[in-house]
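Asks: model this:
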Amino acid sequence: MKSLNKKIFIGVAAVVIGWLVWFVGDNGSSDTKSAISPDIKEKIYFKDAIGIKAPDFELQGMDGAMVKLSDYRGKNVVLFFNEGSMCYPACWDQVEKLGSDDRFNTENIAAFSIVTDTRKQWLDIVSKTPSMTKSKILFDTARSVSKAYDVLYLDSPMHPGVFPGHTYFIIDKEGIIRFTLDDPNMALANDRLIAEIEKIK
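Replies: As a prediction, the model looks like this:
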């Protein structure tokens, strides 16, 4: 009986902690804006995403400016949803490698890492990690974009429903999703992403 009560207590505690993390993230720093573009409020399902138009959104970037996905029409866009600051060193390494890889910063390709942290958190991280200065990080503190892209309950999140895991999308020049990858192994995916982009006519 004591064992059962202990399990119930641990389960309830985990739910409460997860809710608190979500609540603080959702109501955190006022310097961060997060919204799905008001004229396109579509939601996709990850398993059916390929061939679907990517939901448009606007999120704040590291420099404080708003980044709108549809402004990148004419480029292939990589979106990397990840667990952010709490996921050290795996996510940090993936964000840094994606940002510092010149293959993802060309006339034809742009890559963004999307986190649910606040901009303030990442300004502090980047100030102490110079190798991340080229990383294009967007802040989805309200989790609205993570929900629209259906990345909160896949196989890769360590905290399902609270944080996205390690999930990639390639969106073509017309705004259509051409490739998805949810990776519980948290491996670097740069070469695979480039290979998939090269397949796009």
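
Asks: which residue is nearest the centroid of this structure?
Replies: Centre of the chain computed as the mean C-alpha position; nearest residue by Cα atoms, centre = their mean is F81, 2.0 Å away.

Asks: Can you verify it is assigned to a strand?
Replies: Yes. According to DSSP: H, G, I helix; E, B strand; the rest coil, F81 belongs to a strand.

Asks: Looks like it contacts P164 (just checking).
Replies: Yes. Using Cβ atoms under 8 Å as the test, F81 is close enough to P164 to be in contact (3.8 Å). All C-beta atoms are positioned from the backbone trio N, CA, C, and that covers glycine.

Asks: shared neighbours, the two?
Replies: Common neighbours of F81 and P164 (criterion: Cβ atoms under 8 Å, 6 or more residues apart in numbering): I114, S146, V151.

Asks: Could I get the buried residue list for stretch 155-169?
Replies: Of all the residues in stretch 155-169, those buried under the rule 16 or more other Cβ atoms under 10 Å are S156, P157, H159, V162, F163, P164, G165, H166, T167, Y168, F169.

Asks: Please read the previous query as pertaining to stretch 44-57.
Replies: So, applying 16+ other Cβ under 10 Å, buried residues of stretch 44-57: I44, F46, A49, A54, P55, D56, F57.

Asks: Only alpha carbons, please: show it as CSV.
Replies: Output of stretch 44-57 as CSV, limited to C-alpha atoms (Å, rounded to 0.1, in the frame of the first residue of the first chain):
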residue,chain,number,x,y,z
ILE,A,44,-1.2,20.3,-38.9
TYR,A,45,-0.7,16.7,-37.7
PHE,A,46,2.9,15.7,-37.7
LYS,A,47,2.3,12.2,-39.3
ASP,A,48,0.4,13.8,-42.2
ALA,A,49,2.5,16.9,-42.6
ILE,A,50,4.4,16.2,-45.8
GLY,A,51,2.8,17.9,-48.7
ILE,A,52,0.8,20.2,-46.5
LYS,A,53,1.1,24.0,-46.4
ALA,A,54,3.2,25.0,-43.4
PRO,A,55,1.2,27.2,-40.9
ASP,A,56,2.4,30.7,-41.0
PHE,A,57,3.6,32.4,-37.8
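
Asks: So what touches that stretch?
Replies: Residues contacting stretch 44-57 (Cβ under 8 Å, 6+ apart): 35-37, 39-43, 68-70, 77, 144-145, 148-151, 154, 167, 169, 171, 175-180, 182.

Asks: In strands, which of those residues appear?
Replies: Of those, the ones assigned to strands by DSSP state E are A35, I36, K68, V77, T167, F169, I171, I177, R178, F179, T180, D182.

Asks: I'd like these laid out as a markdown table, including distance to Q94.
Replies: Output for those, formatted as a markdown table (distance: Cβ to Cβ, whole Å):
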| residue | distance to Q94 |
| --- | --- |
| A35 | 25 |
| I36 | 24 |
| K68 | 24 |
| V77 | 17 |
| T167 | 11 |
| F169 | 14 |
| I171 | 18 |
| I177 | 20 |
| R178 | 20 |
| F179 | 16 |
| T180 | 16 |
| D182 | 13 |
